[in-house]
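Peer 1: Turn this into a structure:
(one chain, ligands or ions: 1)
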Amino acid sequence: MIPDRSFGADSAPNFGPMNKVLVLGAGGQIGTELVAELRAQRGGDMVWAADLRADALTAPCVALDATNATAVRALVKREGIREVYQLVAMLSATGEKMPEKAWALNMDTLFIVLDMAKEGLLDRVFWPSSIAAFGPNTPRLGTPQYTVMDPTTVYGVSKLSGELWCQYYRQKFGVDVRSLRYPGLISWKTPPGGGTTDYAIDIFHAARRDGRYTSFLGAETRLPMMHMEDAIRATLQLMAAPKESLNVHTSYNVAAVDFTPAELAAAIAQRMPGFAIDYAPDFRQAIADSWPQRIDDAEARRDWGWSPRYDLDALVRHDGPHLALRGRAALGICHDHFGERSTWRNALRSGSRGGFGTQSRRKNQALNRAAQRRRTLVLRAGNRGRRRIHDHGFEGPA
Ligand SMILES: NC(=O)c1ccc[n+]([C@@H]2O[C@H](COP(=O)([O-])OP(=O)(O)OC[C@H]3O[C@@H](n4cnc5c(N)ncnc54)[C@H](O)[C@@H]3O)[C@@H](O)[C@H]2O)c1
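Peer 2: Numbers count the residues shown, from 1 in each chain. Reported below is the predicted structural model:
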């Protein structure tokens, strides 16, 4: 499958209301790419990025603790923000090391946003669930939208609970909150955040660095996965869908591709002769074994027209060159995503750089440059709710 990589303002017919947006957890794996695409679509000043630290963010941005309800509310009110993407969470593998903290972070950050929507401060909310909401008694192949859900991790428990709270807020208070059960997401732009599917990102970096990889999941561990571009497209498509067309108010199943570490390694080895993998499963194996292998996303396809673009071949072909960019040596022969045969290093030199299509990327770069020419005030909200203004050399619409 060769993905049609056109995406964004050039090609999408409907982006929903052009609200001012806040992305919480904007510096993470998903947030980094979601902010870039939202800004490409809506304009840089329409999208606020917030994370614990603002140094990796671009303006308008803010260093903000998303558990600090006072600070989040103040920002939303001051900026006239009407839509929030709440991405802050402690992921599955990290969450098992500190379950109480994971539960508190994952639930508190959701309630803060749901309550703002309940009070009429927000028109629309996005909050991601995960395949971790399923469990060992869930059917593992063709996992349906509605089925047994008995998660074994605190992360999964928080996602299943969060889904039900989203549905409750919609039914009781009319809150327009939308959600996807993301599978493992694959991207090269930011390091993974401590999840059980992280091996599918680590493997590319190790291939580039060492020519080999030791997988923390066993060879035959099949899991649902998705390229980040597909995930961002699914998110924005769901958020733009007419409210009346949505029939799932917990969280939509979405699927793209599924593979095992052995299958991913074989696909990489096709483009990088000599690449080797071995296996040393750790505590994450038990987590992966409790998750589905292949998801049925019929409701997402029916209600808002979901269709993925990246299969395993397209994913390896697309991400290999980007990861080679960070290395010193070309990794071997590949076909870049324009179908030309080249070394991975040459693919980079020739400018096949990925992202969301040339036009959107240029637009985004221009927006970022424009934003950086101005000055922004970065609001730091301390733990005690005290605010200090720091001049970071940029200007936001404050
Ligand atoms: N990445 C995946 O494969 C995947 C799969 C399923 C679901 N999800 C969900 O998507 C969401 C985002 O995932 P991600 O992979 O981008 O996670 P990530 O860990 O890469 O990013 C989370 C971000 O939240 C920030 N953060 C943490 N605590 C914060 C706080 N108190 N205040 C403000 N910011 C804080 C972190 O600094 C980080 O930048 C999460 O809810 C996750 O459960 C992700």
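
Peer 1: just the helices in the stretch 1-150 of the chain please.
Peer 2: For the stretch 1-150 of the chain, applying DSSP state H, counting those that start in this stretch gives helices covering 29-42, 69-79, 92-97, 99-118.

Peer 1: who wins for proximity to the ligand among the ones you listed?
Peer 2: When these are compared by CB to the nearest ligand atom, helix 29-42 sits nearest the ligand, at 3.6 Å. Just so you know, the C-beta spots here come from the backbone N, C-alpha and C atoms, and that holds for glycine as well.

Peer 1: Once you drop chain neighbours, what's closest to the residue of the chain found nearest the ligand?
Peer 2: Among the residues of the chain, G28 lies closest to the ligand, at 1.9 Å counting by CB to the nearest ligand atom. The shortest distance from G28 to any residue other than its chain neighbours is 5.5 Å, reached at G193 (CB to CB, 6 or more residues apart in numbering).

Peer 1: export the helices of the stretch 1-150 of the chain to JSON lines and tack on mean neighbour count?
Peer 2: Formatted as JSON lines, the helices of the stretch 1-150 of the chain follow (neighbours: other CB atoms under 10 Å):
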{"stretch": "helix 29-42", "mean neighbour count": "24"}
{"stretch": "helix 69-79", "mean neighbour count": "18"}
{"stretch": "helix 92-97", "mean neighbour count": "20"}
{"stretch": "helix 99-118", "mean neighbour count": "19"}
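
Peer 1: can the ones you listed go into a markdown table with extra columns for mean pLDDT?
Peer 2: Formatted as a markdown table, those follow (pLDDT from 0 to 100):
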| stretch | mean pLDDT |
| --- | --- |
| helix 29-42 | 96 |
| helix 69-79 | 98 |
| helix 92-97 | 94 |
| helix 99-118 | 98 |
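
Peer 1: what's the closest of those helices to W48?
Peer 2: Closest of the helices of the stretch 1-150 of the chain to W48 is helix 69-79, at 6.2 Å (criterion: CB to CB).

Peer 1: In terms of secondary structure, what does that closest one contact?
Peer 2: strand 21-24, strand 47-51, helix 99-118, strand 377-381 (3 or more CB pairs under 8 Å, 6 or more residues apart in numbering; DSSP states H and E).

Peer 1: ok and the longest one relative to helix 69-79, angle-wise?
Peer 2: What that stands for is helix 99-118. Helix 99-118 runs at 30 degrees relative to helix 69-79, counting by axes from the mean of the first three to the mean of the last three CA atoms, to 10 degrees.

Peer 1: Distance from helix 99-118 to the middle of the chain?
Peer 2: With CA atoms, centre = their mean, to the nearest Å as the basis, helix 99-118 stands 18 Å off its chain's centre.

Peer 1: Report all helices and strands that it contacts.
Peer 2: helix 69-79, strand 83-86, helix 92-97, strand 124-126, helix 154-173.

Peer 1: about what we covered before: distance to V254 for the helices of the stretch 1-150 of the chain - can I get that in CSV?
Peer 2: Below are the helices of the stretch 1-150 of the chain laid out as CSV (distance: least, CB to CB, whole Å):
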stretch, distance to V254
helix 29-42, 13
helix 69-79, 27
helix 92-97, 18
helix 99-118, 19
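
Peer 1: ok so, going back, residue contacts, the residue nearest to G28?
Peer 2: G28, Q29, L91, T94 (CB atoms under 8 Å, 6 or more residues apart in numbering).

Peer 1: Tell me how far it lies from P273.
Peer 2: From G193 across to P273, the span is 32 Å (CB to CB, to the nearest Å).

Peer 1: Phi first, then psi, for F216.
Peer 2: When read as degrees, to the nearest 10, the backbone of F216 gives phi -80, psi 0.

Peer 1: burial measure for the nearest residue to it once chain neighbours are set aside, as a count.
Peer 2: Excluding its sequence neighbours, the residue lying closest to F216 (CB to CB, 6+ apart) is D282, at 4.9 Å. A count of nearby residues for D282, using other CB atoms under 10 Å, gives 11.

Peer 1: my read: D282 touches T214, true?
Peer 2: No: under the criterion of CB atoms under 8 Å, D282 makes no contact with T214, lying 10.2 Å away.

Peer 1: residues in contact with stretch 306-316?
Peer 2: By CB under 8 Å, 6+ apart, the residues outside stretch 306-316 that reach it are 1-5, 186, 225-227, 229-230, 233-234, 237-238, 252, 254-257, 259, 263-264, 267-268, 270-271, 297, 300-301, 318, 337.

Peer 1: Recalculate using a threshold of 7 Å.
Peer 2: 1-4, 186, 226-227, 229-230, 234, 237, 254, 256-257, 259, 263, 267-268, 271, 297, 300-301 (CB atoms under 7 Å, 6 or more residues apart in numbering).

Peer 1: out of these, which are buried?
Peer 2: 3, 186, 226-227, 229-230, 234, 237, 254, 256-257, 259, 267-268, 271, 297, 300-301 (16 or more other CB atoms under 10 Å).

Peer 1: if you look at the residues you listed, which of them are in helices?
Peer 2: E229, D230, A234, Q237, A267, I268, R271, A300, R301 (DSSP state H).

Peer 1: Grab the nearest non-local neighbour of the fourth one.
Peer 2: Take Q237 and drop its neighbours on the chain: the residue closest to it by CB to CB, 6+ apart is W304, 5.8 Å away.
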